[in-house]
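Participant: Coordinates for the following, if possible.
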Amino acid sequence: ELKHLIRFGNGKLGWVYTYGEANRDIKGNPISMLASIRDIDDEVRNNEKLNGYMTRYDLIMQVLEEAPWDMEVIDGNTDPALNNWWWSDQFRQTLGFQDEVEFPNKMTSWSDRLHPEDVEKAFSAFGAHVNDLTGRTPFSIEYRLQSKNGEYRWYFANGKAKRNERGEAIRVAGTIRDITYLKLKEQNVMETTARMEELSASISEMVNGISEI
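Facilitator: A predicted model of the protein is given here:
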């Protein structure tokens, strides 16, 4: 039993699956051989293409900052709690987890780590996108997630639903990206601007006082 290359009648090499079994006498000596051969060239080539796509996907995911996720809608029910979720390894690692044992493919793995102030906002934005039959309502939001070490970090999340002919969502996929540094930078700029405005007001007040003197 083996898979091997053989030269077909058209002169090209192709993959086949060969299986054979011997008929034996009572002493175990082979008497005859019955075998079959099956053309599996398309199957092997398609598997090679699939493996190539998977390798490409893994390499791309390793260099991208975004971490993908996916939700399959079951029986047309868009309630997130009743559907199948998938979290990529990049998604888990972004939050400090290693594998599916630590971070199972369940909605609660993600939702339980949302900041309490962001839960309603996140689910409302997700529901608005999924339930809009026109697909015009985007899912693009910033929220905080708790990492494995207990720290809350800011993420930019977006997603897109695949829909049937009636516009109903049948699958939703998206990514998250850590934007904590950008949020802190934005906060620092705002705080610096506020301090500069206070300083400018103080200087103006001092100048007016000097002018009066």
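Participant: Show me what the residue nearest in space to the middle of the chain bridges to in the sheet.
Facilitator: The chain has P68 as the residue nearest its centroid, 1.7 Å off, counting by C-alpha atoms, centre = their mean. With DSSP bridges as the criterion, P68 is bridged to T175.
Participant: Quick check, it in contact with K160.
Facilitator: No. Judged on C-beta atoms under 8 Å, P68 makes no contact with K160 at a distance of 11.4 Å. For glycine as for every other residue, the C-beta is placed from the backbone atoms N, C-alpha and C.
Participant: Residues that sit against both of those two, list them.
Facilitator: Counting by C-beta atoms under 8 Å, 6 or more residues apart in numbering, the contacts common to P68 and K160 are 173-174.
Participant: Poorly predicted segments of the chain, please.
Facilitator: For the chain, the stretches flagged by pLDDT under 70 are 60-64, 186-194, 196, 199-201, 203.
Participant: quick one: stretch 57-76 to chain centroid distance?
Facilitator: 2 Å (C-alpha atoms, centre = their mean, to the nearest Å).
Participant: Name the SS class of W154, please.
Facilitator: Following DSSP: H, G, I helix; E, B strand; the rest coil, we place W154 in the strand state.
Participant: And for it, the neighbour number?
Facilitator: Number of residues near W154 (other C-beta atoms under 10 Å) recorded here: 19.
Participant: how about the strands of this protein, start to end?
Facilitator: Under the criterion DSSP state E, strands of the chain are mapped to 2-7, 13-24, 30-39, 67-72, 84-87, 139-146, 152-163, 169-178.
Participant: okay if I get those strands as CSV plus distance to G127?
Facilitator: Listed next are the strands of the chain as CSV, based on distance: least, C-beta to C-beta, whole Å:
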stretch, distance to G127
strand 2-7, 49
strand 13-24, 49
strand 30-39, 50
strand 67-72, 12
strand 84-87, 15
strand 139-146, 9
strand 152-163, 11
strand 169-178, 10
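Participant: so who does the closest residue to W87 other than its chain neighbours touch?
Facilitator: Closest residue in space to W87, ignoring its immediate chain neighbours: W69 at 5.5 Å, by C-beta to C-beta, 6 or more residues apart in numbering. W69 sits next to 85-88, 91, 110, 159, 173-176 when contact means C-beta under 8 Å, 6+ apart.
Participant: So which of those residues wins on neighbours?
Facilitator: In terms of neighbour count, I176 stands highest of those at 26 neighbours, by other C-beta under 10 Å.
Participant: shouldn't it be in contact with F156?
Facilitator: Yes. With contact defined as C-beta under 8 Å, I176 counts as touching F156 (6.9 Å).
Participant: Let me know whether W15 touches L5 as I believe.
Facilitator: Yes. Contact criterion C-beta under 8 Å: W15 and L5 qualify, at 6.1 Å.
Participant: Many thanks, we can stop here.
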